[in-house]
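# Pasting the sequence and the predicted coordinates here, then a few questions.
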Amino acid sequence: MIVVMKSTSSDTDIQHVITFLEKHGLSGHLSQGVERTIIGVLGAVGATGAPGSIGGINPAIGEALEGLPNVENVVRVSKPYKLASREFHPEDTVVEVPSACVEGGVVRIGGSDIVMMAGPCTVETEKQLMTTAAAVRKEGAVILRGGAFKPSTSPYGFRGLGEEGLKLLAKARDEFGMAIITEVMTPTDVAMVCEYADILQIGTRNMQNYMLLDEVGRTRKPVVLKRGMSSTFEEWLLAAEYVLSQGNRNVILCERGIRTFEKTTRNTMDISAIPLIKRLSHLPIISDPSQGTGRRDLVGPMSLASIAAGTDGLLIEVHPNPDEALKDGAQSVTIEQFHDLMPQVHAVAAAIGRKLVTR
């Protein structure tokens, strides 16, 4: 449920509500807007054991909350995800990421601007990474993607350079000023990856790795949460809820295609997810057309379609020589293709009243 405070409520009134909730084994999460303060009420399912309880919260508690000073009303939230819902947080969330290559040193994801994240699927060598980083930065990318740890369907596939790859990413950040996004795969790796990365990526295979979600939730690093390859919107937003419930509000969703019966593409890029998620949730959403299709010839069209649909950013795989890539070369665009795509990205963004932040 959600407690909506009156515009005249004071800090004392808000604290009174929080204290009341804590006495009943619940917790309150504040969302302070321009005119209203909203308190999301969270409790473990079945905590009260009362018949008719909603999310484990006894309806009698809702009635008691409505009687507290300067409480305007109490709203029962129908969705199982509370913190991720637009009901709890009506205003769009904007996630700030430090990036030395832009004015002010901060990239904002979820605002009016669109953010380009580009780089190799996997860090292979220093030369490969630095060549790609220089090229994508020249074209306007402000965040560098690159995998140091890579999950692979086959145990014999290239699985990344590990910490050595993280060190190379950090070196690229120092040289080009871009923020770094890279995948973390296990709870035990979170602390180490946090030492190097600016954004933690949770891949599709780990979307429901709840121990990992809890661990990244305990950090305050921005988290990009990719949609599971067979996941519904509700499952995806509940995964985000795990991160949010641990106190990390810097969550960015990423549509990366889902598994369907179609075999022509690696995945089916669900463009409809972008506007629909914006209706359901306040969290920013980006799209990964490289993973979304598995084909470099479709990366450009799906990038433009994503922008038209309202994406807050693009996550694109770029490689100096994709045909020789150790991982996912078929879905990586060349540096020349990325160069050709960028003017089109600017044009479509401008057509819908947005712009690509480049510096």
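Thanks, I have the structure now.

# distance of G28 from Y242?
Summarising the geometry, the distance separating G28 from Y242, computed by C-beta to C-beta, to the nearest Å, is 18 Å. C-beta: built from backbone N, CA, C; applies to glycine.

# out of the two, which sits in the more crowded spot?
Y242 (26 against 20; other C-beta atoms under 10 Å).

# Would you mind measuring from the more buried one to L83?
Note on Y242: its distance to L83, by C-beta to C-beta, is 10 Å.

# Likewise for R259?
Separation of R259 from L83 (C-beta to C-beta): 28 Å.

# Those two - which one has more neighbours?
For the pair R259 and L83, the greater number of neighbours falls to L83 (22 against 13), based on other C-beta under 10 Å.

# tell me the secondary structure for the more buried one?
Three-state assignment for L83 (DSSP: H, G, I helix; E, B strand; the rest coil): coil.

# Could you find the closest non-adjacent residue to it?
L244 (3.9 Å; C-beta to C-beta, 6 or more residues apart in numbering).

# Stretch 244-253 spans what distance, first to last residue?
12 Å (C-alpha to C-alpha, to the nearest Å).

# in it, what's buried?
Neighbour-count burial for stretch 244-253, with 16 or more other C-beta atoms under 10 Å as criterion, is recorded at L244, S245, N248, R249, N250, V251, I252, L253.

# Am I right that the fourth one falls within a helix?
No: with the criterion set as three-state DSSP, the secondary structure at R249 is coil rather than a helix.

# which ones are touching it?
When the contact criterion is C-beta atoms under 8 Å, 6 or more residues apart in numbering, the partners of R249 are T93.

# Would you mind giving the buried residues of stretch 244-253 as JSON lines with pLDDT and distance to V97 added?
Listed next are these as JSON lines, based on pLDDT from 0 to 100; distance: C-beta to C-beta, whole Å:
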{"residue": "L244", "pLDDT": "95", "distance to V97": "17"}
{"residue": "S245", "pLDDT": "92", "distance to V97": "22"}
{"residue": "N248", "pLDDT": "97", "distance to V97": "13"}
{"residue": "R249", "pLDDT": "94", "distance to V97": "13"}
{"residue": "N250", "pLDDT": "98", "distance to V97": "8"}
{"residue": "V251", "pLDDT": "98", "distance to V97": "12"}
{"residue": "I252", "pLDDT": "98", "distance to V97": "9"}
{"residue": "L253", "pLDDT": "98", "distance to V97": "15"}
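
# just to revisit the earlier point, now the residue nearest to L83: how far from V216?
When C-beta to C-beta is applied, the distance between L244 and V216 equals 11 Å.

# can you pull out the helices in the stretch 51-200 of the chain?
For the stretch 51-200 of the chain, the helices defined by DSSP state H, counting those that start in this stretch occupy 59-66, 126-139, 163-176, 190-196.

# so what are the domain limits for the protein?
Annotated domains of the chain cover 2-75, 95-357 [automatic domain parsing].

# sorry, back to before: between L244 and V216, what contacts are shared?
Between them, L244 and V216 share no contacting residue, judged by C-beta under 8 Å, 6+ apart.

# buried ones in stretch 70-78?
By neighbour count on 16+ other C-beta under 10 Å, the buried set for stretch 70-78 is N70, V71, E72, V74, V77.

# now do stretch 143-163
I143, L144, R145, G146, G147, A148, F149, K150, F158, R159, G160, L161.

# can you tell me which of those residues are in strands?
Secondary structure from DSSP state E places I143, L144, R145 of these in strands.

# Quick check: phi and psi on D312?
Here the main-chain torsion angles of D312 (degrees, to the nearest 10) amount to phi -90, psi -10.

# what number of residues lie near it?
Applying the criterion other C-beta under 10 Å, we find 27 residues in the vicinity of D312.

# got it, and T264?
Residues lying near T264 (other C-beta under 10 Å) number 9.

# And E195, by the same measure?
Burial measure for E195: 10 neighbouring residues, criterion other C-beta under 10 Å.

# do P343 as well
Neighbouring residues of P343 were enumerated by other C-beta under 10 Å; the total is 10.

# Please apply the same query to the one 4 residues further on.
Counted with other C-beta under 10 Å, residues neighbouring A347 total 12.

# so which strand or helix has it?
Element membership for A347, per DSSP states H and E: helix 335-351.

# next one: I307
In the assignment (DSSP H and E), I307 maps to helix 296-309.

# Contact partners for the residue most central in space within the chain?
The centroid of the chain falls nearest to I252 when counting by C-alpha atoms, centre = their mean (1.8 Å). With contact taken as C-beta under 8 Å, 6+ apart, I252 is in contact with 95, 109-110, 199, 222-225, 283-286, 312-313.

# can you pull up the bridge partners for it?
Beta-bridge pairing of I252, defined through DSSP bridges, involves V224.

# so how far is G165 from it?
With the distance defined as C-beta to C-beta, I252 ends up 22 Å from G165.

# can you check I316 too?
Shown here: I316 relative to G165, a distance of 19 Å by C-beta to C-beta.

# quick one: which of these two has more around it?
For I316 versus G165, the count of surrounding residues by other C-beta under 10 Å is larger for I316: 29 against 23.

# where does that one fall, helix, sheet strand or coil?
I316 falls in the strand class when you classify it by three-state DSSP.

# That one and T334 touch, don't they?
No: under the contact definition of C-beta atoms under 8 Å, I316 does not touch T334, with a separation of 11.5 Å.

# Quick check: bridge partners of the closest residue to E63 other than its chain neighbours?
Ranked by C-beta to C-beta, 6+ apart and with sequence neighbours excluded, the top spatial neighbour of E63 is V74, at 7.9 Å. Assessed by DSSP bridges, V74 has beta-bridge partners V3.

# Good, we can wrap up now.
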